[in-house]
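J.: dropping a prediction and its sequence here:
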2 protein chains.
Amino acid sequence: MTNIVVEKKVLNENARIAEELREQFHASNVLVVNLISSPGSGKTRLLERTLELLPAGTKAAVLTGDIQTDADATRLARFGYPVRQITTGGTCHLDASMIRRHLEGWSLDELDILFIENVGNLVCPSSYDLGEEAKIVLLSVPEGEEKPLKYPSIFFKSKLVLLTKTDLLPYVPFNLETARTNVHKSNPDAEIVELSCQTGDGLARWIEWLQARMAVCV
Amino acid sequence: MTNIVVEKKVLNENARIAEELREQFHASNVLVVNLISSPGSGKTRLLERTLELLPAGTKAAVLTGDIQTDADATRLARFGYPVRQITTGGTCHLDASMIRRHLEGWSLDELDILFIENVGNLVCPSSYDLGEEAKIVLLSVPEGEEKPLKYPSIFFKSKLVLLTKTDLLPYVPFNLETARTNVHKSNPDAEIVELSCQTGDGLARWIEWLQARMAVCV
């Protein structure tokens, strides 16, 4: 019982900071997306391909979260955009205060888009608003098509569902139609984009999705 | 700060119940294993194959955890062993009190082995002792070989690491040698078994691992 009360307080404090962040993001016309998935669904790989494919002149930045290591920041820094690692040291999700702290010294006014790569976890990050415009959940084909039913919260809260690693469809039991149905059972309004960072299939649609939202933010 | 204090209390209470469970498991000579992994690493599929392959006469039972749905219990009940679903309704891990509650009415003395399938999450379940003899972590090949470095706690606490879905090795960038090195960086004592539930490769070694430990429990 006490645990629930404390949890509520933590979430209320998080919501307050997230709201402040959201106001700053709106005032600076920066699109902020929060990428969430299981470990190994391909968040970092998607960001690598995205940073390659963004139209020239796009001003992007990345905050990437992990429990340990700064491996992802190193991978992503190669593309010439500002990247910062948030190492949570055990915490299973990013929270709004971590985002605020790691934005220090960056001028939001100079950004078009900020990617936040959450800790690999399909459960806990869904409870923490980071002030983002959209949560985006990745579900990789080898994970199985029933995941939207087993982890409904994050699918319910996400504007976009990315079905990733579609190049593996011939090798795993995964029915795309069933997956789409399951996504819409958890969230009838979710958009779905299927893609493969290996073959490049679907990446154009993903970039278009981002561009359409960046245009609204200008 | 208050949050940390409450968390400690919760974990202390969990440890107390887990210790009681452990004593009961020892007194009844039942081997208890706690299977932990990301969503979609193949825990339920492994249990299906395991229940098929256990030597005739083995008295096994399964507690299977999920946030929502009883799909896994339905899948596993087909094999004729007692199976109970623990639906956590949002909680990101199983805890010892859930195990105690769901064991009610089962006679531990009549079991050789109890499989606990945790909620799909590579982070939070590592903090909750369930009274098990061994935590076992699954890492599926499509997730990538760097996961033991990014999620060190669960690899550190596991006696056995199962590298699953090895049938996908030809199609994904995953170096087995690097994966083994990374596992041993997090836990030099971890045993590693590579397997594929699709082809059956490695399953005999897994069953042998269980049988060796069941023999000790008798």
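T.: It's in.
J.: and chain B, is stretch A:78-85 touching that?
T.: No - between stretch A:78-85 and chain B, judged by Cβ under 8 Å from any Cβ of the partner chain, nothing touches; the nearest distance is 11.4 Å. For every residue, glycine as well, the C-beta is placed using N, CA and C.
J.: surely residue A:58 forms part of a helix?
T.: No - looking at residue A:58 with DSSP: H, G, I helix; E, B strand; the rest coil, it is coil, so not inside a helix.
J.: phi, psi of the nearest residue to it once chain neighbours are set aside?
T.: The shortest distance from residue A:58 to any non-neighbouring residue, by Cβ to Cβ, 6 or more residues apart in numbering or on different chains, is to residue A:112 (5.4 Å). Main-chain dihedrals, residue A:112, degrees, to the nearest 10: phi -100, psi -40.
J.: surely residue A:112 meets residue A:213?
T.: No - assessed by Cβ atoms under 8 Å, residue A:112 is found out of contact with residue A:213, at 10.3 Å.
J.: that older thread, so what's the residue count around the residue nearest to residue A:58?
T.: 21 (other Cβ atoms under 10 Å in any protein chain shown).
J.: helix or strand: which one has residue A:39?
T.: Using DSSP states H and E, residue A:39 maps to neither a helix nor a strand.
J.: can you tell me the closest non-neighbouring residue to residue A:179?
T.: The shortest distance from residue A:179 to any non-neighbouring residue, by Cβ to Cβ, 6+ apart, is to residue A:145 (3.8 Å).
J.: likewise residue A:205?
T.: Using Cβ to Cβ, 6+ apart and skipping the chain neighbours, the partner closest in space to residue A:205 is residue A:193 (5.0 Å).
J.: just residue A:52 next, same as before
T.: Looking at residue A:52 with Cβ to Cβ, 6+ apart, the closest residue is residue A:79, at 6.7 Å.
J.: using the three-state scheme, assign the one you found.
T.: When the rule is three-state DSSP, residue A:79 gets the label coil.
J.: would you mind listing what in chain A touches chain B?
T.: Within reach of chain B by Cβ under 8 Å from any Cβ, chain A has these residues: A:2-3, A:6-7, A:9-10, A:38-40, A:66-69, A:71, A:90, A:92, A:119-124, A:140, A:142-144, A:146-147, A:149-153, A:165, A:167-168, A:171-172.
J.: residue A:32 contacts residue A:116, doesn't it?
T.: Yes - with contacts counted by Cβ under 8 Å, residue A:32 reaches residue A:116, the gap being 6.7 Å.
J.: overlap in contacts of those two?
T.: A:130, A:132 (Cβ atoms under 8 Å, 6 or more residues apart in numbering or on different chains).
J.: re earlier: can you flag the buried ones in the residues of chain A next to chain B?
T.: A:6, A:10, A:38-40, A:66-68, A:92, A:119-124, A:140, A:142-144, A:146-147, A:149-153, A:165, A:167-168, A:171-172 (16 or more other Cβ atoms under 10 Å in any protein chain shown).
J.: before we move on, the earlier item: for the residue nearest to residue A:205, list each beta-bridge partner.
T.: Per DSSP bridges, the residues bridged to residue A:193 are residue A:162.
J.: next, the residue most central in space within chain A: secondary structure please.
T.: Central residue of chain A (Cα atoms, centre = their mean): residue A:35, 0.7 Å from the mean position. With three-state DSSP as the basis, residue A:35 sits in strand.
J.: which strand residues bridge it?
T.: residue A:117, residue A:136.
J.: following element in sequence after the helix or strand hosting residue A:148, please.
T.: Using DSSP H and E, residue A:148 sits within helix A:147-150. Per DSSP H and E, the first helix or strand lying C-terminal to helix A:147-150 is helix A:152-157.
J.: now that next one: how far from the chain's centre is it?
T.: From the chain centre to the centre of helix A:152-157 is a distance of 13 Å (Cα atoms, centre = their mean, to the nearest Å).
J.: contacting residues around that helix?
T.: Contact with helix A:152-157 is made by A:36, A:122-123, A:125-127, A:135, A:137, A:148, A:161, A:183, A:186-187, A:190, B:67-68, B:90, as judged by Cβ under 8 Å, 6+ apart.
J.: ends of stretch A:64-81, what's the gap?
T.: End-to-end distance for stretch A:64-81, by Cα to Cα, to the nearest Å: 13 Å.
J.: what mean pLDDT does that stretch have?
T.: Averaging pLDDT along stretch A:64-81 gives 95.
J.: and for stretch A:41-60?
T.: 97.
J.: just stretch A:139-156 next, same as before
T.: Stretch A:139-156 carries an average pLDDT of 97.
J.: and it, how far out from the chain middle?
T.: In terms of Cα atoms, centre = their mean, the centre of stretch A:139-156 is found 15 Å from the chain centre.
J.: related to what we said a few turns ago, need the pLDDT of the residue nearest to residue A:58.
T.: 97.
J.: how about it, what does it touch?
T.: By Cβ under 8 Å, 6+ apart, the contact list for residue A:112 reads A:29-31, A:58-60, A:214, A:217-218.
J.: before we move on, back to that, now do the shared contacts for residue A:112 and residue A:213.
T.: residue A:31.
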